[in-house]
Structures are given as structure tokens and as C-alpha cells.
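Q: Model the following, please.
(2 chains)
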Amino acid sequence: MTTGFSLSSRFGTQSLGGCYAPETLMQPLLDLEAAFRAALADPAFEAELKTELRNFVGRPTPLTPAPRLAAKLGLKALFLKREDLTHTGAHKINNALAQAILARRMGKTEIIAETGAGQHGVATAAACARLGLACTVYMGVTDMARQAPNVARMRLFGTRVVPVEAGQGTLKEAVNEALRAWAGSCDRAHYILGSALGPHPFPTLVRSFQTVIGEEARAQVLEQSGALPEVVLACAGGGSNGLGLLVPFLGDALRRVAVEAGGHGMVLGEHAARLDGGRMGVLHGCKTLLLQDEHGHTAETASISAGLDYPALGPELAALVLDRKVEVRRASDDEALLGARQLCEAEGILPALESSHALALLPALAAEGVATILLGLSGRGDKDLSTYQARLGI
Amino acid sequence: MNPLLPFLMAGDPSLEALPGLLSEARSLGIEAMELGLPHSDPIADGPVLQAAAQRAIGRGATPLRVLEALAGITDSPDVILFTYLNPLLQIGARRLQTLLAPTPVKALLVVDLPFGEEPAFEADLRAAGYPVVPLLAPTTTLERARQILLERPDPGPGAPFAQRFAYVVARLGVTGTGQAMDLGPVSARIQQLRTISARPLAVGFGLSDPRSLAAVRALGATPVVGSALVQELASGRGLSDMLSGRLVGDA
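A: Below you'll find the predicted structure:
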């Protein structure tokens, strides 16, 4: 039985992250880290994951040049890393599938997950169906309403979707409820956390299963253009997509930019921009930049994008930001909608609202004189059609 | 042995009622009680304490107001402040000590603070007389339990129960009254823990009926009763009425 963590649980010069978990979850987290380390050292795990990523997920995903959008924005070149083309339609499947395989190795028979936009829920539901694991997904009622197609997809995969009515009915409350459920079933269930947040070892686990995005993209952009871009750009909710794309570029002389949800205003409660509005705090098991009031209560957030509508930036991404290795910018709801529309019209690709926040930053980067950009298109926008229809009047 | 460790949520039903409730508890012979600091994201609490925290926050029971309401109270059992870490971190260790000084708070039960995560913060508070209560869950191995009890040591028989006891979480899951509990595993657990520690033990999570409380006492441990009290108090029942039947009785 493991009694201490072996991997570092802290990130950056300010020691973000950590493992601020209720005692009931400590041994399950220690066991999870041990299983993760054992899996990484086992060629059979890597082989199975690689095979499933190819045959089930559809990796490697393409890197698509977007010359018409680039020309329109005054960029020399724009490349899109197409996580929207993975099975289930977003990068979330990379982590969900890997953790499901890990859970099966640990002898777990049940899976718990939270979901915001529903992409992590759908990915987990699909992975569980594929591996024959029982799956329960916790989802806020607000998100269930705005991402209804994903609720139906999860149910089709045999997953039980549990509505969470507390608070604003979004991702934060879904994580609360998933953590509670795990405390009651950790003897048989594994919790597949979907973003690079939560108590150690989750942030490290999730990041390590997502860096396949940036590793592929880096090789592909070198192959296609013979050079690295000036900017690598991704949206960031918790940070699984942001870290997945940006971390493999940390050693390169280029700008790494993460885009947060600017929502519909600058006042606390009107956005999910943690860098400007957040202070150091502890939520959901980790210390990081957190939107909170003066009492240490988590603040309300707002974003048109359910996947970015979360009060904390994942600890590793926050550490990279504070240590000036990643820049953080924000894009408003309206700017994201415009970004989505431009991509649709210029390239025939419908992006998720989350990814649209990265697209929304392109004009600003072009105005700063940036010529070449690689953008992480984290997911497809089918789930957001009703929002696009309502907000764009189509 | 301390016969009962009751839990109340600060600010529910109201902060104004708090001094009276504490005084009443003391007059019933309650030596120590837990007082919940309402939090926005109580990840270890079931529906009853979640709802109580929401009601309390809605009525303005912020951490500072709770501590202000406790300031100057002497007619009270020793109070164990049951809380999540973030509100304490935002106050800061030094200011927290100043705020706690005039209150009956004798220890802190920080649900999401395992030992070793905030060593300086915890050491400062312990040195100032506010030790963090060790929690032992059903998933805690005996080896880890030994480590926890070492990291959060017993100040010894001269110290009050509130600063000495270890909190044994009786079952998996969150706080709240569950179905009737099989006390067999709890009994085995207490016997097991007795082999590594002689300090007082409190047993909580899901206990409410006088019979299971008496059964825990028969095992030589102090039963915690929380969600049931909070629910009954919210429905208008008096504290003496709720506690008197639970302080005595046979298994």
C-alpha cells in the first residue's frame, strides 16, 4: 500500500497544485498515482493506448492549413490542430480513454465523471461503452439545457446522467457532486476528471494524456511549413486543451497564448477570466488562480461556452502563466461568436464555442504583427448549434 | 468520556441565535461541539449540510461575521471550527489567530487539508493553540493513520477533548444521515485504532438515533451527531429537546 506521493504535486515558483482532498479520498489518490506510474512504465499500457487512439479515436488528427481565413485576417499562415475530428468531437477523448484503460487496470468496475460542455461526458461515456465499464456523469442543469445533444449522446452510450441543481448548475457544481459521489464509491469506482485540475495526481495525469495534441502538432507544422509558428494558441477552461497543445512547445522560442472566457463584462460574475480577476485560492483539491469573493467563497462565473465557464485555472497552466511561460488573454462572448462565424465562412469548419475563443483572438494577434499561428481547434460545434442559431440569427 | 459531539452550522437558523445555542449546550453538559463555517463549495457534505450552508450564506453568515459573533462568548462548550481551507487561507494564519483569540474555538477541523499540504500555516495555528483535528477515514490504512496521528499529535491529558481527539469517519461518502448503519466495522476499526493510539476518538458520519449513539459510547468513543441536529433545528425543534435523549441511553 502506497503511503506517499512519488511525483511532484506542485507547479511553478509559487507551488500551485497540491492535494487538498478530504481524507477519504487520500488513499484512492495515492493508489491512482501508483497505478499511473506503473502504467507509464508498462509497454503494454502504452501499446494498448496507442492502438485505441489510432483505431477508436482517429489519431493522429490532421493539421489543417486555413489559407482563406489567414488571408482575411492579414496572417501569412494559420494552422488548425483538428481535435474536432476525433471520435466524439473534442480533445477530451484522449484523456477519458486513457483514464478508462487505467481504471480497468486498477480493477475498477464503475466510472464517475463530471462534465461542463458535455464533451468530457460524451468522451467518457464512449470510452466506458468501449471498455464495458458502468458510467455515471454529473452535469449541471444549466449545462444540460444548453448542451442537450451531448446529454442524449451520453444516454445512448448507456451512461447515467445525473442532473446537478445546486448553485449555477454549471461545471463547478458538477465537480462538487462528482467528488462527493467518488467519496461514497471509491472502493469500486474511478473518477475520470476531465480537465487538468483537482487534487494531485489529476492535473499531471490529465496533462500527460493530452500532450499528444501538441506533440503531433509540432511535428506536423514542421513537416508542412518547415518552421515553427510565431504563436501557438489555445482556449483554456481548466486547461486540459491548453496544456495539451502548449506544453510540447515550452522549449521553443515562440509565444504560447491561452484564451480565457471574457463572458459579457469585466465585473466579477460576468466572466471566467481568472488571470485578471482571480486570486490564489483552493478549490476542488488544488491551489490555483481562483475567482472568489473577499470571504473565500467561489465567485459566480459567466460564459457563452459551458466548457470555459469555470472559476479556476488549472494549477499547472496557472503556474506557467505566473512564471511567464504562457500568456493569457480573454475573448468575450460576442468576439467568440464572430470568430466562429469567420471560420465557418472562410474554411467550412464549425468550431465549438470553446475553440471559438481562441479564434476570437486572431485579429488582435494579427494587429500585433504576428504572421504565423498554430491554433488548437479543441472541438466541433455541433453541440452549440442552438446557441449559434439564437445568437447569430441564422 | 465525552458522551456526545454535536454539530451545528453557524448562521443556521441565525447568527443571533448562536450565543443562546452555545449556552444551552453547555448547560446540558456538552463539553465540546463542532461549529460549521458555511462554505460555497462543501465537497464533503451531503444535502442537509449543503442546504444549511446555503441558507446561512444567504443570511450573511460570512466567515468574519461568524467569528465576530463568537467573540466574547465564554458560556459555551469548547468549539471545534469545522471548515474548508480556502476561507481560512484568505483570512491568513496571523489574522485568523487574532480573530480566534476572543472566541471559544479550541481547534480546527479542516475538511480538505491533509497533513503536509500547508505545513507552515498549520504549525502557526497549532503554536497559537488551534490544532487541526486528525481525520481517519475508512480508506485510511493503519500505517497512514499512524502517520496522521504523529503529524497532528495529542497535546496530552492536560489539554481539553477538543484539542486531543481524532475524528473517525465511520463510512464512505459525505456527511448526512444515511440508512441504519452496521456498527460492526466501526467497532473493528476502533479496536484497530486503539492498538496505535490512546487518544480520545469521535465517530461521525450518518449517526443520529439514540441507539447507535449509545452503541458508539459503548465502544469507548464519542458519537458525533450533525445533519440530524441541523435538520431538526431548522424545523424549529429546541436544542435541549434534541440533545437530552441523545446524551444518555443504552445500546
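
Q: Just the element for B:P19, please.
A: helix B:18-27 (DSSP states H and E).

Q: ugh, wrong one, I meant B:I57
A: Counting by DSSP H and E, B:I57 is found in helix B:47-58.

Q: who does the helix holding B:P19 touch, helix- and strand-wise?
A: helix B:63-70, helix B:239-247 (3 or more CB pairs under 8 Å, 6 or more residues apart in numbering or on different chains; DSSP states H and E). All C-beta spots, glycine's among them, are computed from the backbone N, C-alpha and C.

Q: As a markdown table, the ones you listed with mean neighbour count and distance to B:L183 would be great.
A: Putting the helices and strands packed on helix B:18-27 into a markdown table (neighbours: other CB atoms under 10 Å in any protein chain shown; distance: least, CB to CB, whole Å) gives the following:
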| stretch | mean neighbour count | distance to B:L183 |
| --- | --- | --- |
| helix B:63-70 | 20 | 34 |
| helix B:239-247 | 16 | 16 |
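
Q: Now do A:F5: how many residues are near it, please.
A: Close neighbours of A:F5, defined as other CB atoms under 10 Å in any protein chain shown, add up to 18.

Q: show me what contacts it?
A: Shown in contact with A:F5 (CB atoms under 8 Å, 6 or more residues apart in numbering or on different chains): A:C19, A:L30, A:E33, A:H200, A:P201.

Q: Tell me the secondary structure at it.
A: coil (DSSP: H, G, I helix; E, B strand; the rest coil).

Q: among the helices and strands packed on helix B:18-27, which gets the worst mean confidence?
A: When the helices and strands packed on helix B:18-27 are compared on mean pLDDT, helix B:239-247 scores lowest, with a mean of 89.

Q: For the residue in the stretch 151-251 of chain B that chain A sits nearest to, grab phi and psi.
A: Among all residues of the stretch 151-251 of chain B, B:G173 sits closest to chain A, at 3.5 Å; criterion: CB to the nearest CB. Backbone torsions for B:G173, taken as degrees, to the nearest 10, come to phi 110, psi -160.

Q: ok, now B:F165?
A: phi -70, psi 160.

Q: unless I'm mixing things up, B:S40 is touching A:L290, no?
A: No: at 11.0 Å, B:S40 does not count as touching A:L290 under the criterion of CB atoms under 8 Å.

Q: count of residues packed around A:I101?
A: For A:I101, using other CB under 10 Å, the count is 20.

Q: Provide a list of residues in contact with it.
A: Taking CB under 8 Å, 6+ apart as the test, what A:I101 contacts is A:A39, A:F45, A:E48, A:L49, A:E52, A:L131.

Q: redo that, cut-off 10 Å
A: A:A39, A:F45, A:E48, A:L49, A:E52, A:A127, A:R130, A:L131, A:L133, A:F209 (CB atoms under 10 Å, 6 or more residues apart in numbering or on different chains).

Q: Now for these, which sits with the most neighbours around it?
A: Ranking those using other CB under 10 Å puts A:A127 first, with 31 neighbours.

Q: Need the three-state assignment for that residue.
A: helix.

Q: doesn't A:L97 make contact with it?
A: Yes: between A:A127 and A:L97 a contact is recorded at 4.4 Å, counting by CB atoms under 10 Å.

Q: okay, and the common contacts of these two?
A: With CB under 10 Å, 6+ apart, A:A127 and A:L97 have common neighbours A:E52, A:F56, A:V57, A:H87, A:T88, A:I192.

Q: would you list every one of the strands in the stretch 101-250 of chain B?
A: All strands of the stretch 101-250 of chain B, identified by DSSP state E, counting those that start in this stretch, fall at B:105-110, B:135-136, B:166-169, B:201-204, B:222-225.

Q: What of the stretch 201-350 of chain A?
A: A:231-235, A:255-263, A:279-283, A:286-290, A:327-332.

Q: Give the buried residues for the last one.
A: So that's strand A:327-332. Under the neighbour-count criterion of 16 or more other CB atoms under 10 Å in any protein chain shown, strand A:327-332 has A:V328, A:R329, A:R330, A:A331, A:S332 buried.

Q: With distance to A:L275 and pLDDT as extra columns, can I get those in TSV?
A: TSV is the format used below for these (distance: CB to CB, whole Å; pLDDT from 0 to 100):
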residue	distance to A:L275	pLDDT
A:V328	4	97
A:R329	9	97
A:R330	8	97
A:A331	13	98
A:S332	15	98
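
Q: Pick out the most distant pair among those.
A: Within the buried residues of strand A:327-332, A:V328 and A:S332 form the most distant pair, 14.6 Å apart (CB to CB).

Q: low-confidence ranges in the stretch 151-251 of chain B?
A: B:177-181, B:249-251 (pLDDT under 70).

Q: Around chain A, which positions in it sit nearby?
A: For the stretch 151-251 of chain B, the residues in contact with chain A (CB under 10 Å from any CB of the partner chain) are B:Y167, B:V169, B:R171, B:L172, B:G173, B:V174, B:T175, B:G176, B:G178, B:F205.

Q: repeat that for 8 Å
A: With the criterion set to CB under 8 Å from any CB of the partner chain, the stretch 151-251 of chain B comes near chain A through B:V169, B:L172, B:G173, B:V174.

Q: which residue sits closest to the first one, ignoring its sequence neighbours?
A: Right, the one you point to is B:V169. Nearest non-adjacent residue to B:V169, counting by CB to CB, 6 or more residues apart in numbering or on different chains: B:A137, 4.4 Å away.

Q: can you pull the contacts of the one you found?
A: A:P22, A:E23, A:T24, A:M26, A:Q27, B:V169, B:L172.

Q: Find the centremost residue of chain B, please.
A: B:E34 (3.6 Å; CA atoms, centre = their mean).

Q: From chain A, how far out is that one?
A: 15 Å (CB to the nearest CB, to the nearest Å).

Q: okay but that residue is in contact with B:T83, surely?
A: No: using CB under 8 Å, B:E34 is not in contact with B:T83, being 9.9 Å away.

Q: residues shared between the contacts of these two?
A: Joint contacts of B:E34 and B:T83 (CB under 8 Å, 6+ apart) are B:L109.

Q: Give the burial count for the residue lying closest to B:V174 once chain neighbours are set aside, as a bare number.
A: Once flanking residues are discounted, B:V174 sits nearest to B:G46: 4.3 Å by CB to CB, 6+ apart. By other CB under 10 Å, 20 other residues sit near B:G46.

Q: So the spatially closest residue to A:A148 that is not a sequence neighbour, which state does it fall into?
A: Residue nearest to A:A148 in three dimensions, not counting chain neighbours: A:S386, with 7.5 Å by CB to CB, 6+ apart. Three-state assignment for A:S386 (three-state DSSP): helix.

Q: hang on, A:S386 packs against A:N150?
A: No: using CB under 8 Å, A:S386 is not in contact with A:N150; the gap is 11.7 Å.

Q: Between those two, point out the one with more neighbours.
A: A:N150 (30 against 13).

Q: Name the residue closest to the centre of chain A, please.
A: Short answer for chain A (CA atoms, centre = their mean): A:S240, at 3.5 Å.

Q: mind checking how far that residue is from B:L70?
A: Look at A:S240 and B:L70: by CB to CB, to the nearest Å, they are 42 Å apart.

Q: helices or strands up against the biggest helix by length in chain A?
A: Taking DSSP state H as the criterion, chain A has its longest helix at helix A:23-40. Packing partners of helix A:23-40 (3+ CB pairs under 8 Å, 6+ apart): helix A:92-105, helix A:171-185, helix A:202-210, helix B:142-151.

Q: now do 10 Å
A: On a contact count with 3 or more CB pairs under 10 Å, 6 or more residues apart in numbering or on different chains; DSSP states H and E, helix A:23-40 meets helix A:43-52, helix A:92-105, helix A:171-185, strand A:189-191, helix A:202-210, strand B:135-136, helix B:142-151, strand B:166-169.

Q: quick check: angle from it to helix A:171-185?
A: 90 degrees (axes from the mean of the first three to the mean of the last three CA atoms, to 10 degrees).

Q: So for residue 72, what's the nearest residue that isn't a sequence neighbour?
A: Unless you meant another one, I'm taking chain A. Here the residue nearest A:K72, using CB to CB, 6+ apart, is A:A346, at 5.7 Å.

Q: Please refer instead to chain B.
A: B:P102 (5.6 Å).
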